[in-house]
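In: Need the 3D shape of this:
(one chain, ligands or ions: 1)
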Amino acid sequence: MKRLLQLNRLHGAQNYSPLPVVLKRGRGVHLYDVHDKQYYDFLSSYSSVNQGHCHPRLVKAMQEQCEKLTLCSRAFHSENLCNFFEYMNKTFGYDKCLPMNTGVEASETSVKLARLWGYKAKKIPQNKAEIVVARQNFWGRSIAACSSSSDPSCYTNFGPYVPGFHFVDFNNLEELESLFQKHPHIAAFMVEPIQGEAGIKIPELGYLQRAKSLCEKYNVLLICDEVQTGIGRTGQMLASEGVGADMVVLGKALSGGMMPISCVLANNHVMDLIDPGTHGSTFGGNPLATAIAPEAVEIIRVENLLKNARIQGERFRKELTPFVDSGALKDVRGVGLLNAIEFEKPRDAEKLVETCMEKGLLTKVTRDGTIRMCPPLTISDFEMEQSLDIIKEGIEEVSE
Ligand code: IF1
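Out: Okay, here's the model as predicted:
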């Protein structure tokens, strides 16, 4: 392990500061390090392995497709991509799907589509279209994503910035409406249904629905970034179900943690504005990723993971709430299996992460004193019981 860490230090760009654990394999809710020590995965690669690590159905789909066709470019049609389009339409109910690879690429795509709609449909003067984002948003590491971040650690030293972004407080509809009233060239409001990186911030009930109503009133598109909340994480297939967002951005768990795939879902009044040759990606919609993605979503359905996410998430929050009552924790919050616990002191959060790692559970501090607690949606009663035992012991030790 020492040698591996040296290689990382010597030859790897230091754009992360990982925990001192070197992983070698994963299966279900478990990860194993190079000494074969078992850990519960309470990060799920930031909600990318909702189906559990190396799910047999996904491994089979990948192995079979690998021997047939993995990439053919979009210069030609592929059977898998056509079937993927039909599957996504039937599953999520949007007219069309534009496939990309990573979350940031799909989010960038939604910004391009919003600007395109702004010029072609809303008749905003050329190069004047604006996008509203929520403070403490996170939608990736591209220059536009950094330009629309309110977090200095995300944008410092990466200017000059992409213009045309306005900021509002998350969960503040008055500020949103006031922006819409002042700025006639707003094309879209892009927002996460629950802010992940911000520390699992949950808005008031009805926030998204009321944001959608404001968007309709002021002729603005609503983009829901469900890269992290989508594909069952909150106990619903989409956290924005029933809201009728004009665009939904998916990524992460759409891949089942296997082959990166992301996409934008939209209805024809938006998606039919894009012309051939104005957007794309070498690997976007490739036959391998589009063979796996429908299987990744089907697993959520056939294994009843939406119900399991709700049941296990409620149990997690219920069993840790006494620590809030006792003052050991500042908060326990979440929806489905997108949960977090928060300490008053950031140092205590770091100590709990270290203690849990020693006891066989891996997770990471997301912001200040907040720790993300997001196991795969497949977690069983017994696995949740064992995980809670580790977390409770850790909290007691940290609070001593
Ligand atoms: C890292 C954070 C989480 C996302 C939402 C788009 C993207 C993300 C809501 C872009 C990506 C990842 C990035 C990853 C860690 C993780 C993360 F801590 F960075 F902020 F989850 F909260 N929209 N989030 O959460 O998707 O391009 O990465 O596929 O940068 O280490 P991507």
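
In: When you work out contacts or count neighbours from here on, use the C-alpha atoms and nothing else.
Out: Noted.

In: buried sites along stretch 234-244?
Out: 234-240, 243-244 (16 or more other C-alpha atoms under 10 Å).

In: any chance of the residues you listed in JSON lines, plus secondary structure and pLDDT?
Out: Shown next, in JSON lines, are those (DSSP: H, G, I helix; E, B strand; the rest coil; pLDDT from 0 to 100):
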{"residue": "Thr234", "secondary structure": "coil", "pLDDT": "98"}
{"residue": "Gly235", "secondary structure": "coil", "pLDDT": "98"}
{"residue": "Gln236", "secondary structure": "coil", "pLDDT": "98"}
{"residue": "Met237", "secondary structure": "coil", "pLDDT": "98"}
{"residue": "Leu238", "secondary structure": "coil", "pLDDT": "98"}
{"residue": "Ala239", "secondary structure": "coil", "pLDDT": "98"}
{"residue": "Ser240", "secondary structure": "coil", "pLDDT": "98"}
{"residue": "Val243", "secondary structure": "coil", "pLDDT": "98"}
{"residue": "Gly244", "secondary structure": "coil", "pLDDT": "98"}
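
In: ok, which of those residues also contact the ligand?
Out: Of the residues in the buried residues of stretch 234-244, proximity to the ligand by C-alpha under 6 Å from any ligand atom holds for none.

In: Tell me the one of these nearest the ligand?
Out: Closest approach to the ligand among these (C-alpha to the nearest ligand atom): Ala239, at 12.0 Å.

In: circling back to that earlier point, now the buried residues of stretch 234-244 in a markdown table, with distance to Cys224?
Out: Below are the buried residues of stretch 234-244 laid out as a markdown table (distance: C-alpha to C-alpha, whole Å):
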| residue | distance to Cys224 |
| --- | --- |
| Thr234 | 14 |
| Gly235 | 17 |
| Gln236 | 14 |
| Met237 | 13 |
| Leu238 | 10 |
| Ala239 | 9 |
| Ser240 | 7 |
| Val243 | 10 |
| Gly244 | 10 |
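
In: Pull the contacting residues for the residue lying closest to Ile261 once chain neighbours are set aside.
Out: Closest residue in space to Ile261, ignoring its immediate chain neighbours: Asn101 at 4.1 Å, by C-alpha to C-alpha, 6 or more residues apart in numbering. Residues near Asn101 by C-alpha atoms under 8 Å, 6 or more residues apart in numbering: 251, 260-263, 283-285.

In: let's see it at 7 Å
Out: 260-262, 283-284 (C-alpha atoms under 7 Å, 6 or more residues apart in numbering).

In: ok, now Lys128?
Out: Counted by C-alpha under 7 Å, 6+ apart, Lys128 has contacts His185.

In: element containing it?
Out: Under the criterion DSSP states H and E, no helix or strand holds Lys128.

In: How is Thr91 assigned, secondary-structure-wise?
Out: The three-state label given to Thr91 by DSSP: H, G, I helix; E, B strand; the rest coil is helix.

In: Now for it, how many residues are close by?
Out: The local packing of Thr91 (other C-alpha atoms under 10 Å) involves 13 other residues.

In: Show the pLDDT at it.
Out: Here the pLDDT value assigned to Thr91 is 98.

In: cool, Met1 as well?
Out: Value for Met1, per-residue pLDDT: 87.

In: what's the spacing between the host helix or strand of Asp389 and its chain's center?
Out: Using DSSP H and E, the element containing Asp389 is helix 381-399. Centre-to-centre, helix 381-399 and its host chain are 25 Å apart (C-alpha atoms, centre = their mean, to the nearest Å).

In: What of stretch 115-123?
Out: Per C-alpha atoms, centre = their mean, the centroid offset for stretch 115-123 relative to its chain is 27 Å.

In: Now it: buried residues?
Out: By neighbour count on 16+ other C-alpha under 10 Å, the buried set for stretch 115-123 is 115-119, 122.

In: Near the ligand, which residues of the stretch 151-300 of the chain are found?
Out: Counting by C-alpha under 6 Å from any ligand atom, the stretch 151-300 of the chain sits next to the ligand at 196-197, 225, 227-228, 252.

In: before we move on, the earlier item: the helix holding Asp389 packs against which elements?
Out: Packing partners of helix 381-399 (3 or more C-alpha pairs under 7 Å, 6 or more residues apart in numbering; DSSP states H and E): helix 346-359.

In: do that again at 10 Å, thanks
Out: If contacts are counted by 3 or more C-alpha pairs under 10 Å, 6 or more residues apart in numbering; DSSP states H and E, helix 381-399 sits against strand 38-41, helix 305-325, helix 346-359, strand 361-362.
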